Structures are given as C-alpha cells and as structure tokens.
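Trainee: sequence plus the predicted model coming up.
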Amino acid sequence: MNVKPLFAYVGGKTFLKNKLVEKIEIILNKSKIEVYEEWFAGGLGSFFAVCKTLKDHHIKTVFLNDINEKLISLYSNIYSGNGDKIIKEYMILENKFHSKIPLLTYNRHTTKDKELLKFELLEARDYYKNVVDNFNKSEDSFEQSVYLIFIQNHCFNGIYRENQKGEYNTPFNWEARKVTEELISKKISDIENCFKNFNITFTSLDFEEMKINKNSLIYLDPPYLNEASGENKYNKNSFNLNKQINLINKIKDHDFIYSNHLDKRIIEEFKPEENYSFDYINRKNTISSSAESRKNDKVELLINKKY
C-alpha cells in the first residue's frame, strides 16, 4: 500500500516514514491499542505512511484532526465518495491553466533567461491568483477542496501560508508544472482504497479541545518552534512554546509518538527522561525559500513512552 498525499505540504514527514512505522509496530505489539489518532494531520503524509501497518494490526478506528479546516475538508470529501467529482472539476482548472502557457515554455527550464520564462508565464500566474481569490472567497467545502489541490500544486515550495485574516497568500511557483489527469486520478484512487480500511472521523479542532480516546495511540506532529522566538506562524493560528508545553502535559502519560525538531526546551518537558525513548533523525529543511539553506541537515526529535 504505497499511498501518497495529493500535494506537497509544509511540515510533511516523508523522511520519518521508516522510523515512524518501526515505532508504531513496537507500540502495537506491546500495548493494547484499538484507536489511532493524529492531532496535527496536515497533508496526511504520516497517516498514509503508516496505514498499512495499522491495517495489518486490525486497527479500524481512526481520528484525523488538523486546525486547517479546508485541508481536513478535502480529505473528508474524498472519504465521503466525492473523488471522481473532484477529479473532473480539478482537471477543468488544470486544463485552463495550461492553455495559458506557451508550449515552448515547458522546454526552457534550463534556460538562464529567467525573465523570459516569467514573461511567458504571466497569464498563468494571473490565473493562479484568480483561483486563490476564489478559494479565499468560497464558503463551499467542495469548491474549496478543488481549489486547494490546484493552488497547492502550483504554489511556491508547497507552503500553505495564510495572512492574519486567514486568507491564503502563498505566491505562484514560476516553474511550469503539469499535473496530468492520470496522476491525480491515481493519487485519489489510492487514497480512497486506503480509507476503505478504516472508520475515520475527520475534525478541525485545537488540540486543547481534543479528547483522548480509550486504548488510543496518538501521533503528534505540532508546528516547529522558531529557535529564537519560540513561535511558529504559517497561518493565523500561531503555535508558541506555551502551547507546546500544554500539549506535552496533556499526552505524556498516554500512548503517544511526538515529533518536532531538536529543541532542548521540548526535551526538558519529558521528565523523568528514563521514562521516555528519544530518537534523533537527520532531515532536510524543505521550508526555506533559500535553496542553500534547504540543503542543510537538521535533526528531528522523535519521542515516545518506553515499553
């Protein structure tokens, strides 16, 4: 079962896949787990990475939560059987977008004339901005889902970013990227086949509103803290150090897996240390707008109770 998210999403944990599966296998074998939860599900990359393991261990009940209501609605719409309709409406947007790109442009990615490329993509950029405007104005869950797939496939660096009004404002990706119907259909079909194995409840709540279900394993992947300010802002809902501490205190006596970047302020909250397992995994920072900084190795911290 090789299921992939519909698009790149900031904070995705592809590099953690093998270690996460290994951790979940250990916990499922040693603890009586009947429910799997993700409180910061994001683009569902982590869930798709572990869904086969959950299925093999006969875990049926799943709770997937994220504060981004539009993102959760997208996957809820697919779970509800709207996959084919989403594909049809998405391809209307995609085909209109590519009708505005000169055919020759696709063969110019290696050119040094970046200004020429931008000139040829101005109409496509304007179309992207128009879809973003429609996304921000729409109050229809299905429409938002279709718009979201499109803008995340054509935004800069896969970053979902909002202003303080809660409006999406990630700029256009100047590299002309073609998403085919075959590709989007396969992704949605794979996701549907994955979802069929579970009884899933989708929610969009703050973690403080989440209730811990009996015999549940909770995977927590909260936003990274800024190393200097102790805060993260990619949307109107900031996540600071106090929230991290509240989250840790809420779950640390339960069955959980917690991931964040290596930060001594977080480690200090898991006391006594001998009660917890700490793993350190090298990762690539893919959020920065600087190509050079994206090459720098970072360290991801993975924490769970010892068994």
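Mentor: On my side now, so go ahead.
Trainee: now residue 262: closest residue in space that isn't a chain neighbour?
Mentor: residue 299 (4.1 Å; CB to CB, 6 or more residues apart in numbering). C-beta coordinates here come from the backbone N, C-alpha and C atoms, glycine included.
Trainee: identify the residues contacting residue 88.
Mentor: If you count contacts by CB atoms under 8 Å, 6 or more residues apart in numbering, residue 88 has none.
Trainee: what about 10 Å?
Mentor: By CB atoms under 10 Å, 6 or more residues apart in numbering, the contact set of residue 88 is 146, 181.
Trainee: how close does it get to residue 98?
Mentor: Between residue 88 and residue 98 the distance is 16 Å, computed by CB to CB, to the nearest Å.
Trainee: ditto for residue 164
Mentor: Distance from residue 164 to residue 98, by CB to CB: 33 Å.
Trainee: ok, back up a step: quick check: bridge partners of the residue nearest to residue 262?
Mentor: Note on residue 299: beta-bridge partners by DSSP bridges are residue 282.
Trainee: can you check residue 277 too?
Mentor: With DSSP bridges as the rule, residue 277 is bridged to residue 304.
Trainee: I'd guessed it sits against residue 19; true?
Mentor: No: with contacts defined as CB atoms under 10 Å, residue 277 does not count as touching residue 19, sitting 11.5 Å away.
Trainee: among residue 164 and residue 98, which residue is more densely surrounded?
Mentor: residue 98 (17 against 9; other CB atoms under 10 Å).
Trainee: so where do the helices sit in the protein?
Mentor: Ranges of helices in the chain, per DSSP state H, are 17-30, 45-56, 69-79, 83-98, 114-120, 122-137, 141-154, 181-195, 241-251, 264-267, 291-294.
Trainee: between the ones you listed, which gets nearest to residue 175?
Mentor: helix 114-120 (8.4 Å; CB to CB).
Trainee: I'd like the distance between residue 275 and residue 94.
Mentor: 50 Å.
Trainee: those two: which has the busier surroundings?
Mentor: Applying other CB under 10 Å to residue 275 and residue 94 shows that residue 94 carries more neighbours, namely 19 against 11.
Trainee: for the closest residue to that one other than its chain neighbours, give me its contacts.
Mentor: Nearest non-adjacent residue to residue 94, counting by CB to CB, 6+ apart: residue 179, 5.7 Å away. For residue 179, the contact set (CB under 10 Å, 6+ apart) comprises 6-7, 90-91, 93-94, 97-98, 149-150, 153-154, 187.
Trainee: least confident of these?
Mentor: When the contacts of residue 179 are compared on pLDDT, residue 7 comes out least confident, at 86.
Trainee: where's it relative to residue 255, distance?
Mentor: Counting by CB to CB, the gap from residue 7 to residue 255 is 31 Å.
Trainee: tell me the spacing between the closest residue to residue 265 other than its chain neighbours and residue 216.
Mentor: Setting aside the residues directly before and after it, residue 265 is nearest to residue 241 in space (CB to CB, 6+ apart), at 6.2 Å. Going from residue 241 to residue 216 by CB to CB gives 26 Å.
Trainee: would you mind listing where the stretch 201-307 of the chain has pLDDT under the threshold?
Mentor: 226-238, 284-297 (pLDDT under 70).
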